[in-house]
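Visitor: Sequence and computational prediction follow.
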Amino acid sequence: MKGADALHKGERKAILQSVESLLEKYRLCKYLIPEDGQSIRSNHDIESLEKHLTFCRKIEQAVSQLPDREQFLIKERYLGINTDYITDYRVYRDRFDPPISEGTYTKIRWRAMYRLSVLLGLTEYQ
C-alpha cells in the first residue's frame, strides 16, 4: 500500500477525520432509521428514510470490501451501537483474538481508513 504510506502526517490526519466523520454520520443514520416503520408519517419522512438507507448501504458495502482484519476493526470500533464508549485500547486488547499491539492496530486502522476514503470517493488513489 505504497500510496497510503507516502502521505504526509497532515494528509493522514485529514483522511482519518473525514472517514471518522462519515462513520459517525452512519451511526446517526442507523439510529434514525425506524425498525418498525411506524414513525413514517409523510412523503418527507419517506424521502429522508431513503436517503439514510442509501447512505448506510454505501458505507456497509465499502466496509465489506475491506480485508478481514480491517473489516473487523472498523465494525468493532466504529459501526457498533456502543462505539462512542469503546476506546482503541479496548479494541486491540480485548476484541482481537489474540490481542494485537498498539502499533499493529494503528497500521491496520490507517490502511482501513485509507481504503475506505478511496472506496467512498474522498481520496484519489495515489
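Guide: Cool, the structure landed. Residues are numbered from 1 along each chain as shown.
Visitor: How far off centre is stretch 76-90?
Guide: Chain-centre distance of stretch 76-90: 11 Å, with C-alpha atoms, centre = their mean, to the nearest Å.
Visitor: now stretch 99-109, how far from the centre of its chain.
Guide: For stretch 99-109, the distance to the chain centre is 16 Å (C-alpha atoms, centre = their mean).
Visitor: Quick one: residues in contact with that stretch.
Guide: By C-beta atoms under 8 Å, 6 or more residues apart in numbering, the list of residues contacting stretch 99-109 from outside reads 69-70, 73, 77, 88-89, 91-93, 96. For glycine as for every other residue, the C-beta is placed from the backbone atoms N, C-alpha and C.
Visitor: Mind doing that once more with 10 Å?
Guide: Contacts to stretch 99-109, defined as C-beta atoms under 10 Å, 6 or more residues apart in numbering, come from residues 1, 4-5, 16, 19, 66-67, 69-70, 72-74, 77-78, 88-89, 91-93, 95-96.
Visitor: Now the buried members of the residues you listed.
Guide: Among the contacts of stretch 99-109, the ones that count as buried by 16 or more other C-beta atoms under 10 Å are 4, 19, 66, 69-70, 72-74, 77-78, 91-92, 95-96.
Visitor: Filter these down to the ones in helices?
Guide: 4, 19, 69-70, 72-74 (DSSP state H).
Visitor: what sits against the one residue sitting closest to the centre of the chain?
Guide: Central residue of the chain (C-alpha atoms, centre = their mean): L23, 4.2 Å from the mean position. Contacts for L23 (C-beta under 10 Å, 6+ apart) come out as 59, 63, 74, 77-79, 83, 113, 116.
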